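# everything below, folded, please.
(one chain, ligands or ions: 2)
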Amino acid sequence: MLEYTKYISRCLQLARLGEYYVAPNPMVGAVLVYGEGSEERIIGEGWHRRYGGPHAEVNCFASVKEADTPLISESTLFVSLEPCSHFGKTPPCADLIIRKQVKKCVVGMLDPNPQVAGQGVARLREHGIEVVTGIMEPECRELNKRFLCLHEKERPHVILKWAQTADGFLDKKRSISPGEIRPNEGPLVISTPLTKCLVHKMRAENMSILVGSNTALLDNPKLTISRWAGRNPIRILLDRHHIVPSDSRIFSDEAPTIVYSENTDWEYVLSDLAHRGVHSVLVEGGSKVLNSIISSGIYDEVHVERGTMRIGEGVPAPKI
Ligand code: AOF
Ligand code: ZN
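Ligands and ions are numbered 1, 2, ... in the order given. Down below sits the predicted model:
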C-alpha cells in the first residue's frame, strides 16, 4: 500500500513554494504516483504558483512526461486540499481529474470554501474514483490557517505583533506639540537587524498590515517589505479623527491603503476586510489599537519581541 503521509508531506512541501504569491487563495501541492512497491514512482508534481493562475492539480498533470501519460489511469493523485468543483478564475480541478481517469485520489483536507465544501470529493466519487480524505489534516490546516479563518469564521486571521523593552515598555513617551508636524524624536529602536528581517517576513506572510493614527503620525512608517521577498501588504489605517496628513509615508504608492475613519469598531473592520477578500491582518500598533483589540478578544496570535534595554518609564506594553 502507498504510504499516504509520505506523499501528502511532499504535497505540503510543494504547496509552500507558492507562499507569498497565492493569497488569498490557499497554498496547494499535488503529486501523482504510479505503481506500488518496486514499481512505485512519482510521475508528476505541481503546486499553485500564483493567485489567478492554474491550480496545483493542473500543474501536476502538465508535468507528466509524454512517455508516462499512459500510466496516469493507473496512478494515485495526492493533493493537500480537496480538488475544486467550481468555476472561479480557473475551471474545476475535479472535472480534470475525472477526465484523466486516475484510479484513486488522496486528499489532505476538505476545502471549506462554500463553493467547494465537499462537492469536489463527491463529484470524484460519483465518477467511480476512490477517494480518501483527512491525511495529515492538522499540518494541512496549519499551512492554510489564514485561508481557513476567512472561510470558516468569515473574518481575517489576526496576528498582533510588538516589541518591548526588558522592563515592559513599547516606547518612550512621545507627543506632538501644537503646530509641530512631525516629532523631532524618532521611535525607540528595540529591534535588531535580524528581528527587523523577521518582521518583514511576517509582513510578507500576511495580506494586510494595520496601525492606528498615533503610530502613523509619530513613526511615519511606510509598512512595506524591503528585507524579505514577496508582495507589500495592503496598509490599513484606523484614523477616527482624520489626523494623519495625506503626504504621510503610509500613503506612498508602493501598496494600497485602506483608511477607516467613520467606523473603527474592530468587528466592523474585520467583517469589511473579509468582504474585500483579505485573509490576514498583522497588527503593528500602537498601544491604543493593540489594547482595544486585546480587550475585544478577537485575535489569533501574539508575537512579542523582548529587547534587552531598560528605559525606566514610557508607554507600557499591552498585557495579555
Ligand atoms: C484546488 N487546487 O491549487 C487551489 C484551490 O479563482 P480560482 O479558480 O483560483 O479558485 C480559487 C478557489 O479554489 C480557492 O478559494 C479555493 O477554494 C480553491 N483553491 N483548489 O483544487 C488549488 N488553490
Ligand atoms: Zn482547482
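# so what's the residue count around Pro83?
With neighbours defined by other C-beta atoms under 10 Å, the count for Pro83 comes to 28. Where you see a C-beta, it was placed from the backbone N, CA and C, and this is true even at glycine.
# contacting residues around the nearest residue in space to it that is not next to it in sequence?
Nearest-residue entry for Pro83: Cys93, 3.9 Å, with adjacent residues in sequence omitted and distances by C-beta to C-beta, 6 or more residues apart in numbering. Neighbouring residues of Cys93 by C-beta atoms under 8 Å, 6 or more residues apart in numbering: His55, Ala56, Glu57, Val58, Pro83, Cys84, Ser85, Gly120.
# ok, the fifth one to ligand 2 distance?
Right, the one you point to is Pro83. Applying C-beta to the ion, to the nearest Å, the value for Pro83 to ligand 2 is 6 Å.
# from what I see, that residue and Val106 are in contact.
No: at 11.2 Å, Pro83 does not count as touching Val106 under the criterion of C-beta atoms under 8 Å.
# re the thing from before, go through the contacts of Cys93 and name the one nearest Asp272.
When the contacts of Cys93 are ranked by distance to Asp272 (C-beta to C-beta), Cys84 comes first, at 26.3 Å.
# need the pLDDT of that closest one.
On the pLDDT scale, Cys84 is placed at 97.
# ok, Glu180 next?
So Glu180 comes in at 55 (pLDDT).
# which of the contacts of Cys93 has the largest number of neighbours?
With neighbours taken as other C-beta under 10 Å, the top of the contacts of Cys93 is Glu57, carrying 30 neighbours.
# from Val28, how far out is the closest residue in space to that one that isn't next to it in sequence?
The spatially closest residue to Glu57, leaving aside those adjacent along the chain, is Cys93, at 4.2 Å (C-beta to C-beta, 6+ apart). According to C-beta to C-beta, to the nearest Å, Cys93 stands 9 Å off from Val28.
# what sits in contact with each of these two?
Contact with both Cys93 and Val28 is made by residues His55, Ala56, according to C-beta under 8 Å, 6+ apart.
# so where's the chain shaky on pLDDT?
Applying pLDDT under 70 to the chain flags the ranges 175-185.
# can you show me the strands along it?
Assigned by DSSP state E, the chain shows strands spanning 29-34, 41-47, 75-81, 104-109, 130-133, 157-164, 169-171, 208-212, 234-238, 257-260, 280-283, 301-306, 315-316.
# of those, which is nearest Cys197?
With C-beta to C-beta as the measure, strand 301-306 is the member of the strands of the chain nearest Cys197 (12.1 Å).
# that closest one pairs with which strands?
Next to strand 301-306 in the sheet, as set by DSSP bridges, lie strand 157-164 (parallel).
# Lys201 touches Trp228, doesn't it?
Yes: look at Lys201 against Trp228 with C-beta under 8 Å: they come within range, at 4.6 Å.
# can you map out the helices along the chain?
With helices called from DSSP state H, the chain shows them at 4-16, 56-62, 93-100, 119-126, 137-143, 145-153, 193-205, 213-219, 266-275, 287-296.
# quick one: list the elements packing against the fourth one.
Read that as helix 119-126. When contacts are defined as 3 or more C-beta pairs under 8 Å, 6 or more residues apart in numbering; DSSP states H and E, helix 119-126 packs onto helix 93-100, strand 104-109, strand 130-133.
# so does the longest one get close to ligand 1?
Yes: judged by C-beta under 6 Å from any ligand atom, helix 93-100 and ligand 1 are in contact via Cys93.
# same question, the shortest one
No: with C-beta under 6 Å from any ligand atom as the criterion, ligand 1 is not reached by strand 130-133; the gap is at least 13.3 Å.
# what residues does the stretch 1-150 of the chain put near ligand 2?
The stretch 1-150 of the chain comes close to ligand 2 at residues His55, Cys84, Cys93, as judged by C-beta under 5 Å from the ion.
# and the gap between the first one and Gly46?
Remark: distance between His55 and Gly46 (C-beta to C-beta) = 8 Å.
# what do you get for Val281?
The spacing between Val281 and Gly46, counted by C-beta to C-beta, is 30 Å.
# between the two, which is the more surrounded one?
Neighbours were tallied for Val281 and for Gly46 using other C-beta under 10 Å; the higher tally belongs to Val281 (27 against 24).
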